[in-house]
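Trainee: Fold the following.
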Amino acid sequence: MSQNPFGRSPCMIAQPQPLIEVFAAIPDFRRCRGKRYPLPAILSLACCAMLCDYRT
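Mentor: Got it, this is the predicted structure:
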């Protein structure tokens, strides 16, 4: 195992999770009646809309 020039062991860099996977971990408390779209899809679209400065 080679060391870097600073004499420290190499650090581990965490890989970020895709946003859709993070949203999939959020529990969906909506009732079954009237539920058409999966919650992760709705949250992803809402996030994209906010990034594009849509507020209403």
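Trainee: Under the pLDDT cut-off, which ranges of this protein? List them.
Mentor: Scanning the chain for pLDDT under 70 picks out the ranges 1-9.
Trainee: hmm, try it at 90
Mentor: For the chain, the stretches flagged by pLDDT under 90 are 1-15, 34-35, 55-56.
Trainee: Okay, helices next: where are they in it?
Mentor: 19-24, 39-51 (DSSP state H).
Trainee: Could you dump these into a markdown table with distance to residue 13 and mean neighbour count added?
Mentor: C-beta: built from backbone N, CA, C; applies to glycine. A markdown table is the format used below for the helices of the chain (distance: least, CB to CB, whole Å; neighbours: other CB atoms under 10 Å):
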| stretch | distance to residue 13 | mean neighbour count |
| --- | --- | --- |
| helix 19-24 | 18 | 14 |
| helix 39-51 | 24 | 13 |
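Trainee: want to throw these into JSON lines with distance to residue 30?
Mentor: Converted to JSON lines, these look like this (distance: least, CB to CB, whole Å):
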{"stretch": "helix 19-24", "distance to residue 30": "14"}
{"stretch": "helix 39-51", "distance to residue 30": "7"}
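Trainee: Of all those helices, which one is nearest residue 31?
Mentor: Closest approach to residue 31 among these (CB to CB): helix 39-51, 12.5 Å.
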